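Chemist: missing the sequence, but the structure's below:
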């Protein structure tokens, strides 16, 4: 099974119903905060990455979107071209974030097309479901290489370009599970804890280069992410509030204007993170109820 880019994507007619008005609502919230910038987005073919590419382009930013699936990138390019004018341009680059040379080549193409690089949205990621001791090692390795190596490759490729431009902004898409013990999705949670910690360290390492770093902690998103998790085929239980990819993307685009240290989208997500600090054992058991495979899975 191959990796899927990013946390959230949905292609059903039910999800797309009313999507144009929904996108316009979030665009109006984003546009005042985002000046024309050159944005590099990984995992751009679906979910939050795709929605972020559209949000930035609507706001007048030029976007390079990197992902593995060429046909999805072509569809995204067509959607951006069809946006009401004026809008930014879109450069599609097919590649895998696990390959450092592919990421470097994508950044080089961005510079060749647009002349500089201002913003990195390190978004590509994949989930994994199942007990650590019994999980297929290939699945664990894929999660770690995509969610951790992919972010590192993206940062290392983009920072030199940002230094040449006189500064920039790195937004690392993490998850609220970074702050909670989550049995049966521990590998994914650990990978997100890694990149959230990385964001904090990078912020200090890069402050003299005028490069801001934002840790974006995303909660559960209405998506096909669960269907593409590696490991157990069982879906995660419901009952938790869910946001749309467009909501997450709008928050990311607004953050590109304000450059906060951290973005937490909803009050519910703040409660989850607070619970992970105040009552970690209770939160871990609640998470276990959500993720523990049923008998026979």
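Modeler: Nice, I can see it. Just so you know, these numbers come straight off a predicted model, no measurement behind them. Numbers count the residues shown, from 1 in each chain.
Chemist: Any idea what the spatially closest residue to residue 214 that is not a sequence neighbour is bridged to?
Modeler: Nearest residue to residue 214, sequence neighbours excluded (Cβ to Cβ, 6 or more residues apart in numbering): residue 171, at 4.7 Å. For every residue, glycine as well, the C-beta is placed using N, CA and C. For residue 171, the beta-bridge assignment (DSSP bridges) gives partners residue 121, residue 214.
Chemist: Next, count neighbours for residue 171.
Modeler: 27 (other Cβ atoms under 10 Å).
Chemist: Looks like it contacts residue 119 (just checking).
Modeler: Yes - Residue 171 lies in contact with residue 119 (Cβ atoms under 8 Å); the separation is 7.0 Å.
Chemist: Go ahead and confirm residue 154 touches residue 102.
Modeler: No - under the criterion of Cβ under 8 Å, residue 154 is not in contact with residue 102, lying 10.6 Å apart.
Chemist: out of these two, which sits in the more crowded spot?
Modeler: The neighbour comparison of residue 154 against residue 102 (other Cβ under 10 Å) goes to residue 154, with 28 against 17.
Chemist: ok, so what distance separates that one from residue 137?
Modeler: Distance of residue 154 to residue 137, given as Cβ to Cβ, to the nearest Å: 25 Å.
Chemist: same question, residue 172
Modeler: 26 Å.
Chemist: neighbour count winner among these two?
Modeler: A count of neighbours by other Cβ under 10 Å puts residue 172 above the other of residue 172 and residue 137, at 23 against 7.
Chemist: contacting residues for residue 282?
Modeler: residue 275 (Cβ atoms under 8 Å, 6 or more residues apart in numbering).
Chemist: Count residues in the vicinity of residue 158, would you?
Modeler: Neighbours around residue 158, by other Cβ under 10 Å: 26.
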